[in-house]
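Undergrad: pasting the sequence and the predicted model now:
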Amino acid sequence: MAKTNKTTETVKDVTEFIHSFVDNELKKEDSFKLIELMRTWSGYEPKMWGPTIIGFGSYHYKYASGHEGDCPLIGFSPRKAEFSLYVFSPTPENEHLLDGLGKFKMGKACMYVKKLTDINISVLEQLCKTTIQYISEHHECSCRDTQHSITGDNV
């Protein structure tokens, strides 16, 4: 039996989600700031993925096992304790960028930060852009649209 993905794009309103889910004012402010930044960096509007992830753009993956699905190019979730940032691809350039990011923890599939003032936003921007570039080169990706630049020239 094929495994179904829990994290799929939904039609839930992003702003409504933040106002109803995030109970800390600083985290709300940081959430809206991340939306603006990621919208600019990716060239995509925010969409809800699953119940709590805000994603930008999408790509299709397929593993050797046959498991496949769709994911946002970059995104985040304003979890209670900290933000989960889905902005990292394991490239040598990204590994190097982590040195200048600031206070964060690395998870299996994401990075965790408590608040935006703990990290260097310019480094986060570079992580996002190099991740979009990496995904574009390795997966079927909405970022290959002619309307969206993955080089960062127009974002």
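TA: Looks like it arrived, so ask away.

Undergrad: and residue 80, what are its phi and psi?
TA: Main-chain torsions, residue 80, degrees, to the nearest 10: phi -60, psi -50.

Undergrad: what strand or helix carries the residue nearest in space to the middle of the chain?
TA: The residue lying closest to the centre of the chain (CA atoms, centre = their mean) is residue 75, at 2.0 Å. Using DSSP states H and E, residue 75 falls within strand 74-78.

Undergrad: contacts for the helix or strand following that strand next, please.
TA: The C-terminal neighbour of strand 74-78 among helices and strands, as given by DSSP H and E, is strand 83-86. For strand 83-86, contacts defined as CB atoms under 8 Å, 6 or more residues apart in numbering pick out 27, 30, 34, 53, 55, 71-72, 74-77, 104, 107, 109-115, 124. No exception for glycine: its C-beta is placed from N, CA and C like everyone else's.

Undergrad: was I right about residue 103 contacting residue 113?
TA: Yes. In this structure, residue 103 is within contact of residue 113 by CB atoms under 8 Å, at 6.8 Å.

Undergrad: what's the overlap in contacts for these two?
TA: residue 119.

Undergrad: more neighbours, the two?
TA: residue 113 (22 against 11; other CB atoms under 10 Å).
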